[in-house]
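Colleague: no sequence for this one, just the structure:
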C-alpha cells in the first residue's frame, strides 16, 4: 500500500508539472538556462553524454538531470517553460522525500524543526524552488540525500536505491558538492558492505542500488570509453594541475557568512556574483555555534541510543566541515553560487539543533500526541512548499519572458532561415563566441526546425561534440552582440539593439 501511495504521488506530481509546462506561455531561455534547454533537447534525442558545462572547458560529471527533464520537455512541446516546471517538481519531490524519511523514522521534532528551517530557506530565496539553473537544482535533493544516507547507515537498507540515485544526481549536476556527498557515502560504507553480504532483503536493496548507479552513470562511462577518457580525462587534467587557491581565512569568511545565512538580513538567491561576506561580523560566531551545537545534539542523541538521529547529526556536522575545506580549493573568486549549498545545509543544521533542544526540554515531543502533530505539520508543510514553489515558478517564468534581449531571438531565427533557403545552403556553421547568451537559443531553434547547424570548434565545450562541424557546411554565420557593421565578405542579415547575425554566402 505504501508503494502504491508513493507511486501515485510521483505520478500526480509529474502530471501537475506537465500541466504547468503546457499552460505556460512560450519562453525563450538565454544564458545558462538556454544552455540547459539545449542539453535537455539533446538528451531527448539520446545525444548527450556529458553534464553541465564549465567555463574552464570541462563538464560536470554526468547528464542525469537533463535526461530527467527530457520527457517533460518533449511532452510540453519543447516549451522552455518546461525546465522551470521540472525544477518545481524536483524540489517538491525532494522536500516531500525528506519529510517522509523523518516521519517513517518517527522523528516528530526533526520533521517539524528541519522542515520549517528548509521552508524558511526557500521562502527567503525567491525563485529557488523553480530555478532550473544547475547551481540551484541540486540543493534540495542534496538535503534529501542527507537523511536518506543517515537512514541507511542506521540499518534501513530499503533506502539504499534512493540514496544511490540522489548521490548520483547531485554529483553529476554540480561537482562542487562531490566532497559533501562523498563523506556520507564513506560513513555508510559498513552498512553497504553488510547489505551486500546479507542473504535477506538487504542484499536485494544493494543490487537495486548498484543497478541505479550503473544506469545513472552509463552516459559518462560511454563518453570515457568512446572519447579516449573524454570528460573524465578533462576533469583529471584540470584538478590535478596547479593554480592559486584560497587561504583558510578567506574560505572561513565565506563559509561562516553562508552557514549562518538563514539568519542574514540581506540573504539573496545566488546569481553568479562574487560573494561579499562583509557587513555581518557576528556570522562567524553564529556559524561556529550552529556547527558546535549540531555536535552537542548528536552526542545527546548518541547517549539516548537514537541511531538515525545520531547518524544524521554526524553526517551534517561532517558535511559542514568538508564544505569549508572545499571552499579552499576554488580557483576563481568565491561566488555566491559556491556557498549556496552551505546556506542550505546550515539551515538544516539549525533545524536539527531546534529539534534536539525540543526533545531535551519537552520529553513528550515524541509521544503519540507529538507524532500526530508532526503528521499534520508535514501535510501542511508539503502543501506550503508546493504553493511556494508554484509562486516561484510563475515569477521565474514571467521574469524570463520579460528579459529584453530574448525578444530578438525568434525574429533572428526567422531571418536566418529565410537566408538559408534563399542561398539553398546544405548546412551552416555558426560562431557564437561573442554573443553566446542569445546564440544558444538561436542555434537550438534552428536545429529544432531541422536545419543542419554546427558551431565553431572553439564553442564546442559549451555546445558539446554533438554540434561539431562535419566539413560539409557551405555557409558560415556569426552572431554578435548589438548592431554590428558588416566586415568585408560578410552581409548583415539581421540586426537589433541586442543581437546581430552576419553571414558569408557560398562561394
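Modeller: Yep, that arrived. The model shown is predicted, which means the values in this text are computed figures rather than measured ones.

Colleague: Count the residues that sit near the nearest residue to residue 395 once chain neighbours are set aside.
Modeller: Once flanking residues are discounted, residue 395 sits nearest to residue 127: 5.9 Å by CB to CB, 6 or more residues apart in numbering. Yep, even glycine has a C-beta here, placed from its N, CA and C like the rest. If you count neighbours by other CB atoms under 10 Å, residue 127 ends up with 22.

Colleague: List phi and psi for residue 127.
Modeller: Main-chain torsions, residue 127, degrees, to the nearest 10: phi 80, psi 0.

Colleague: can you give me the strands in the stretch 301-450 of the chain?
Modeller: All strands of the stretch 301-450 of the chain, identified by DSSP state E, counting those that start in this stretch, fall at 428-431.

Colleague: can you pull out the helices in it?
Modeller: 307-328, 336-361, 368-402, 409-423, 436-448 (DSSP state H, counting those that start in this stretch).

Colleague: Now render the ones you listed as TSV, adding mean neighbour count and distance to residue 204.
Modeller: Output for the helices of the stretch 301-450 of the chain, formatted as TSV (neighbours: other CB atoms under 10 Å; distance: least, CB to CB, whole Å):
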stretch	mean neighbour count	distance to residue 204
helix 307-328	22	21
helix 336-361	23	30
helix 368-402	17	29
helix 409-423	17	50
helix 436-448	23	42
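
Colleague: Need the ones you listed in CSV (columns: mean pLDDT and distance to residue 91).
Modeller: Supplementary listing: these in CSV, determined by pLDDT from 0 to 100; distance: least, CB to CB, whole Å:
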stretch, mean pLDDT, distance to residue 91
helix 307-328, 95, 20
helix 336-361, 92, 11
helix 368-402, 89, 6
helix 409-423, 93, 27
helix 436-448, 94, 24
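
Colleague: With residue 35 as the reference, name the closest of those helices.
Modeller: Closest approach to residue 35 among the helices of the stretch 301-450 of the chain (CB to CB): helix 436-448, 5.5 Å.

Colleague: Which residues does the closest one contact?
Modeller: Here helix 436-448 makes contact (CB atoms under 8 Å, 6 or more residues apart in numbering) with 28-31, 34-35, 37-38, 41, 78, 80, 405-406, 408-410, 412-413, 416-417, 430, 432, 453, 455, 459, 462-463, 467, 479, 481, 498-499, 501.

Colleague: same thing but at 7 Å, please
Modeller: By CB atoms under 7 Å, 6 or more residues apart in numbering, the residues outside helix 436-448 that reach it are 28-31, 34-35, 37-38, 41, 78, 405, 409, 412-413, 416, 430, 432, 453, 455, 462, 479, 498-499.

Colleague: just how off-centre is it within its chain?
Modeller: Relative to its chain's centre, helix 436-448 lies at 22 Å (CA atoms, centre = their mean, to the nearest Å).

Colleague: what's the angle between it and helix 409-423?
Modeller: 50 degrees (axes from the mean of the first three to the mean of the last three CA atoms, to 10 degrees).

Colleague: just checking, next helix/strand downstream of helix 436-448?
Modeller: strand 453-455 (DSSP states H and E).

Colleague: how distant is that next one from the center of its chain?
Modeller: The answer for strand 453-455 is 27 Å, by CA atoms, centre = their mean.

Colleague: And stretch 11-29, by the same measure?
Modeller: The answer for stretch 11-29 is 19 Å, by CA atoms, centre = their mean.

Colleague: list the buried ones in it?
Modeller: Within stretch 11-29, the residues that qualify as buried are 13, 14, 16, 17, 18, 20, 21, 24, 27, 28, 29, counting by 16 or more other CB atoms under 10 Å.

Colleague: Turn these into CSV, columns for secondary structure and distance to residue 382.
Modeller: Below are the buried residues of stretch 11-29 laid out as CSV (DSSP: H, G, I helix; E, B strand; the rest coil; distance: CB to CB, whole Å):
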residue, secondary structure, distance to residue 382
13, helix, 11
14, helix, 16
16, helix, 13
17, helix, 15
18, helix, 20
20, helix, 17
21, helix, 21
24, coil, 23
27, coil, 27
28, coil, 33
29, coil, 29
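
Colleague: Using the record, which stretches count as separate domains in this structure?
Modeller: Here the domain parsing of the chain from automatic domain parsing is 9-238+246-401, 406-504.

Colleague: bridging residues for residue 453?
Modeller: Going by DSSP bridges, residue 453 is paired in beta bridges with residue 428.

Colleague: hmm, back to that, nearest approach to residue 92 belongs to which of the helices of the stretch 301-450 of the chain?
Modeller: The nearest among these, by CB to CB, is helix 368-402 at 5.3 Å.

Colleague: still on that earlier bit, pick the most deeply packed of the domains of the chain.
Modeller: Among the domains of the chain, the stretch with the highest mean neighbour count (mean count of other CB atoms under 10 Å) is domain 9-238+246-401, at a mean of 20.

Colleague: shaky segments in the protein?
Modeller: Counting by pLDDT under 70, the ranges of the chain that qualify are 1, 241-244, 279, 364, 505-507.

Colleague: Distance check, residue 6 against residue 100.
Modeller: 8 Å (CB to CB, to the nearest Å).

Colleague: do residue 421 as well
Modeller: Residue 421 is 55 Å from residue 100, by CB to CB.

Colleague: Residue 237: which of the helices of the stretch 301-450 of the chain is closest?
Modeller: Taking those one by one with CB to CB, helix 307-328 is closest: 19.7 Å.

Colleague: between that closest one and helix 336-361, how many degrees?
Modeller: Using the same axes, to 10 degrees: helix 307-328 against helix 336-361 is 150 degrees.

Colleague: other SSEs contacting helix 307-328?
Modeller: Judged by 3 or more CB pairs under 7 Å, 6 or more residues apart in numbering; DSSP states H and E, the packing partners of helix 307-328 are helix 139-153, helix 178-187, helix 248-259, helix 283-303, helix 336-361.

Colleague: Ok, which of those comes nearest residue 229?
Modeller: It is, among the helices and strands packed on helix 307-328 and with distance given as CB to CB, helix 178-187, at 18.6 Å.

Colleague: Appreciated, that's everything.
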